[in-house]
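Enquirer: Kindly return the folded structure for what I paste below:
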Amino acid sequence: MATDQPSTSTSPESAPTPAEKVVERPSPLTGIAHSGIVLAGSVVLFVREISENGLSDLTGMAVVVGVIALGSALIAFGAGIAAWRTTTFIVDDEEFRVERKFLWTSSSRVDYTKVQSVEINQPFIARLLGLAKVQIDVGGAGGVALSFLTLSRAEALREHMLARMRRARAVTPVGTPQGPAVPDGEAASGPPETALAEEPEVLVHAVPVHILFLGTLVSSTAFSLGTAALILLALYIWQDTGFTVLGALVAVAGWLWANIGSNWGFTVTRRGDTLRVRRGLTSTATQGLRPERIQGISIRQDLFQRLTGLYRVRVNVLGMAGQSGDDGKVDTSVLLPFGSWDDVLKILHVVWPHVDLSEIQPHPQPGRARWLTPLSHSEHTWGVGRDVVVAHHGLIEHTLTIVPHVRMQSLSLHQGPLQRRLRLASVALHTTDGPVSCRLYHLDEHTARQVFFEQLERAQAARSAAGG
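Expert: Residues are numbered from 1 along each chain as shown. The predicted model follows:
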């Protein structure tokens, strides 16, 4: 007897229809933003030329600079229009892809599991137009930049990317113990994307404006610039070198802007496992940092800042060595432009919660090292904690460097001719390139060798414990 068998075929009507990809373009104002940025740069160039050469040939200079500025602005405007017409991007739950089709064709696809941070930068002209540039960092594999979008679209794109990144990281890694199998057709357990996206953003620290001014103006650099300004003022009085003084004033104004304007409104917040740094007065920048990508920290205090009790914190970040912010105006290695020691400890606790500097025993240099560091001998100390290596040095500028064992990439032992005669040696810990450099100066040669081999073992054990 024949029996009816259930059909295993799927009718065309019941087959799921793939969602249509939504293709988007940058803002139509991209060309205006590009040309405006070029014109702003031309104004800066014009002011610099006046400060260096004076007003004697102002008419001819204005014509030359004007022609160059107009031509450059037109080229930038055309390039911006071309970028708007030839750049498309697709963003959904499956992928983020940017395609450019102009003289050549390129397609960049971002894997959500590789996303490290999403930054939003607003140069001054773009900010006036309500536009922003989105920079997606995917670590050592490079990154993708998309400019310019409306600010609201850029922020929505960032939230989507971060939510997808967190969801990808919440998935159980391959090779870890698995729970019960999930039946076909049911969703795997885990935090929903909406919950991840709505995770609250917590303020860690905000730098007050008066602290920013105090740290900038009461510093060794400000003292040096002030001394140079007095010398130029004396030359102006005696020799009537007015435009030399004007050029110096332009340089001083540029330095002040680099320290105050670019760090205006400096705030550090935390959302989930990501730190977010915001700064900028006219041009604003928003930078995302994941603590596990921070390879080393330096805490600096120069001679004059000891009077105010302020410190400056900079970091080495994996994949961001030597980078500055948008248009080269923002130093992205700065995690605290100026702050008290309590502020420093607050930032340090957010980055590495298990590090307690008070538990690390400092070790001084041997007495015979005074021949090599006669003035700063007492300032050279070092220590090894459970998780980090700490080194302190400096005479004019005190520097405290912290490197986790797990972030150390290599180690070297140095012994020069004078060190050899004094039976001394130095140990250097290497991380990724950046402003932070950790070196244990002029240790006893036997101690240096012991530290060298023990640190290799500590680093290997830390990486094994971290699963790396």
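Enquirer: and Leu413, what element?
Expert: In this structure, Leu413 sits in strand 410-414 according to DSSP states H and E.
Enquirer: what's in contact with the helix or strand following that strand?
Expert: Per DSSP H and E, strand 410-414 leads on to helix 417-421 as the next helix or strand towards the C-terminus. The contact list for helix 417-421 (C-beta atoms under 8 Å, 6 or more residues apart in numbering) reads Trp371, Leu372, Ala425, Ser426, His442, Glu445. To be clear about C-beta, it is placed using only N, CA and C from the backbone, and glycine gets the same treatment.
Enquirer: count of residues packed around the third one?
Expert: So the one you mean is Ala425. Residues lying near Ala425 (other C-beta atoms under 10 Å) number 23.
Enquirer: Tyr441 is in contact with that one, correct?
Expert: No - counting by C-beta atoms under 8 Å, Ala425 does not reach Tyr441; the two are 9.6 Å apart.
Enquirer: The strand holding Leu413 packs against which elements?
Expert: strand 424-430, helix 445-465 (3 or more C-beta pairs under 8 Å, 6 or more residues apart in numbering; DSSP states H and E).
Enquirer: Show me how far it is from its chain's centre.
Expert: Remark: strand 410-414 is offset 27 Å from the chain centroid, using C-alpha atoms, centre = their mean, to the nearest Å.
Enquirer: could you give the angle of that strand to strand 424-430?
Expert: Between the axis of strand 410-414 and that of strand 424-430 there is an angle of 160 degrees, by axes from the mean of the first three to the mean of the last three C-alpha atoms, to 10 degrees.
Enquirer: Can you list the strands that strand 410-414 pairs with?
Expert: Strand 410-414 pairs in its sheet with strand 424-430 (antiparallel), by DSSP bridges.
Enquirer: now the strand it pairs with and helix 445-465, what's the angle there?
Expert: 20 degrees.
Enquirer: what's next to strand 424-430, contact-wise?
Expert: For strand 424-430, contacts defined as C-beta under 8 Å, 6+ apart pick out 366, 368-369, 372, 389, 403, 408-415, 419, 437-445, 448-449, 451-452, 455.
Enquirer: Can you list the low-confidence ranges for the chain?
Expert: For the chain, the stretches with pLDDT under 70 are 1-20, 44-63, 65, 139-142, 169-199, 240-247, 321-330, 468.
Enquirer: In it, where's the longest helix?
Expert: Ranked by number of residues, the top helix in the chain under DSSP state H is helix 58-86.
Enquirer: What are the boundaries of the helices in this structure?
Expert: Along the chain, counting by DSSP H, helices occupy 30-53, 58-86, 124-128, 151-170, 193-197, 209-217, 220-239, 242-256, 305-308, 341-351, 417-421, 445-465.
Enquirer: Which strands and helices lie in contact with the shortest one?
Expert: I take that to be helix 305-308. Secondary-structure packing of helix 305-308 (3+ C-beta pairs under 8 Å, 6+ apart): helix 209-217.
Enquirer: how about the helix it packs on: buried residues?
Expert: Ile211, Leu212, Leu214, Gly215, Thr216, Leu217 (16 or more other C-beta atoms under 10 Å).
Enquirer: Likewise for stretch 438-456?
Expert: Across stretch 438-456, burial judged by 16+ other C-beta under 10 Å covers 438-445, 447-448, 451-452, 455.
Enquirer: quick one: stretch 379-387 to chain centroid distance?
Expert: Chain-centre distance of stretch 379-387: 26 Å, with C-alpha atoms, centre = their mean.
Enquirer: Check stretch 412-424 too.
Expert: Averaged over its C-alpha atoms, stretch 412-424 has a centre that lies 36 Å from its chain's centre (C-alpha atoms, centre = their mean).
Enquirer: Over to it now: how far is its first residue from its last?
Expert: End-to-end distance for stretch 412-424, by C-alpha to C-alpha, to the nearest Å: 14 Å.
Enquirer: quick one: terminal-to-terminal distance for stretch 355-370?
Expert: Termini of stretch 355-370 sit 31 Å apart (C-alpha to C-alpha).
Enquirer: Need the residues that contact it.
Expert: Applying C-beta under 8 Å, 6+ apart, the set of residues contacting stretch 355-370 from outside is 345, 348-349, 373, 377-378, 380-388, 390, 392, 402, 404, 422-424, 441-444.
Enquirer: Now Asp343. Nearest residue, chain neighbours left out?
Expert: Spatial nearest neighbour of Asp343, excluding adjacent residues (C-beta to C-beta, 6 or more residues apart in numbering): His205 at 5.9 Å.
Enquirer: Pull the number of nearby residues for that neighbour.
Expert: Neighbour count for His205, taken as other C-beta under 10 Å: 17.
Enquirer: right, and it touches His349 too?
Expert: No - if you go by C-beta under 8 Å, His205 and His349 don't touch, sitting 10.7 Å apart.
Enquirer: Which single one of the buried residues of helix 209-217 is nearest to Val43?
Expert: Nearest to Val43, judged by C-beta to C-beta, of those is Thr216 at 24.2 Å.
Enquirer: circling back to that earlier point, relative to Ser340, which of the buried residues of stretch 438-456 is nearest.
Expert: For those, the nearest to Ser340 is Cys438 (23.7 Å; C-beta to C-beta).
Enquirer: contacting residues around that closest one?
Expert: Going by C-beta under 8 Å, 6+ apart, Cys438 touches Gly296, Val389, Ala391, Thr401, Ile402, Val403, Ala428, Leu429, Thr431.
Enquirer: got it, and Arg271?
Expert: Applying C-beta under 8 Å, 6+ apart, we find Arg271 in contact with Leu162, Glu199, Pro200, Glu201, Val202.
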